[in-house]
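Trainee: here is a sequence with its predicted model. Questions after.
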Amino acid sequence: MSSPRSLPRFRCLMEGLCCRMSPITILPFEKPILELLAERLGVEIEITPGYTLYDRAGGANIALSYVLHLDRDGRCPFLSKRNLCMIHGVYKPYTCRSYPYVPREVRYIIAEKARLIYARVEYGLSSHCPVIARDMELIGERLAENPGFIAEYMPREYEAAVEAEEKRRLLLAGLSGLWRRGVVDLVEKRPGAPVLNLYDLLRKYYPGLPLELGVNKVLARLERLG
Ligand code: SF4
């Protein structure tokens, strides 16, 4: 009887390929952090709204996600010439931390009657990652035996994905709360309307939010770096 082929734990090759592949989706509170880091590092970045909903009460589209764009050379603006992430030790977006375990599809569900908004997110492994591409067959075998295999195979990346979704849930719960209180009145995105960051909106009503999201810790880290 042949013994099962061994599969080592996931280990990034540090080639920076994923930092040259596609724009990076970020959560609303990550936008000001990345803007601050870009300013400190003298790096030019472009961040545009991702998924938005129109708020009839405030007359603005509220951004529930954003996109950090690659530069003209097709590289993440935070990727150094030596292919190292310049912000690794300070704050790396969740999408980067969980890579190659990434959200394949994010569906925002809007329950108008209940004034509730939540997300259904489907995660999967990116076959663009050379480690995943190399080990795809073995990973498939392990997943067939154990659907919870990803948490064992790449615990750090899996944890980052879990944390990202906890934070997304917190933000959407905050927005649903404002909807139920009548502070916002949400409908489909209205093209051309001004855009308001969901994090900026929520902070006005939930002063403890930066602490809950861990933004305070990042800012303190930045302070220490001077
Ligand atoms: S932020 Fe860092 S890890 Fe993420 S894509 Fe940019 S260089 Fe890569």
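Mentor: Happy to help now that I have it. Small disclaimer: the values here were computed from a predicted structure and weren't measured.

Trainee: please enumerate the helices of the protein.
Mentor: Here the chain has its helices, by DSSP state H, at 30-41, 94-98, 130-145, 149-153, 155-180, 198-205, 209-213, 215-225.

Trainee: dump the second one to CSV, keeping only the CA atoms.
Mentor: What follows is helix 94-98, C-alpha atoms only, in CSV (Å, rounded to 0.1, in the frame of the first residue of the first chain):
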residue,chain,number,x,y,z
TYR,A,94,-5.8,41.9,5.1
THR,A,95,-5.9,40.8,1.4
CYS,A,96,-2.1,40.6,1.4
ARG,A,97,-1.9,38.9,4.8
SER,A,98,-4.3,36.1,3.8
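
Trainee: so what does it touch, helix or strand wise?
Mentor: strand 24-26, helix 155-180 (3 or more CB pairs under 8 Å, 6 or more residues apart in numbering; DSSP states H and E). Where C-beta positions appear, they are placed from N, C-alpha and C, glycine not excepted.

Trainee: now mean pLDDT, mean neighbour count and distance to R134 too, for those, in CSV please.
Mentor: Output for the helices and strands packed on helix 94-98, formatted as CSV (pLDDT from 0 to 100; neighbours: other CB atoms under 10 Å; distance: least, CB to CB, whole Å):
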stretch, mean pLDDT, mean neighbour count, distance to R134
strand 24-26, 97, 21, 23
helix 155-180, 98, 18, 16
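
Trainee: so which of those comes closest to the ligand?
Mentor: Of all those, it is strand 24-26 that lies closest to the ligand, at 5.3 Å by CB to the nearest ligand atom.

Trainee: off-centre distance for that closest one?
Mentor: 5 Å (CA atoms, centre = their mean, to the nearest Å).

Trainee: using a markdown table, lay out the helices and strands packed on helix 94-98 together with distance to S126.
Mentor: Below are those laid out as a markdown table (distance: least, CB to CB, whole Å):
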| stretch | distance to S126 |
| --- | --- |
| strand 24-26 | 13 |
| helix 155-180 | 11 |
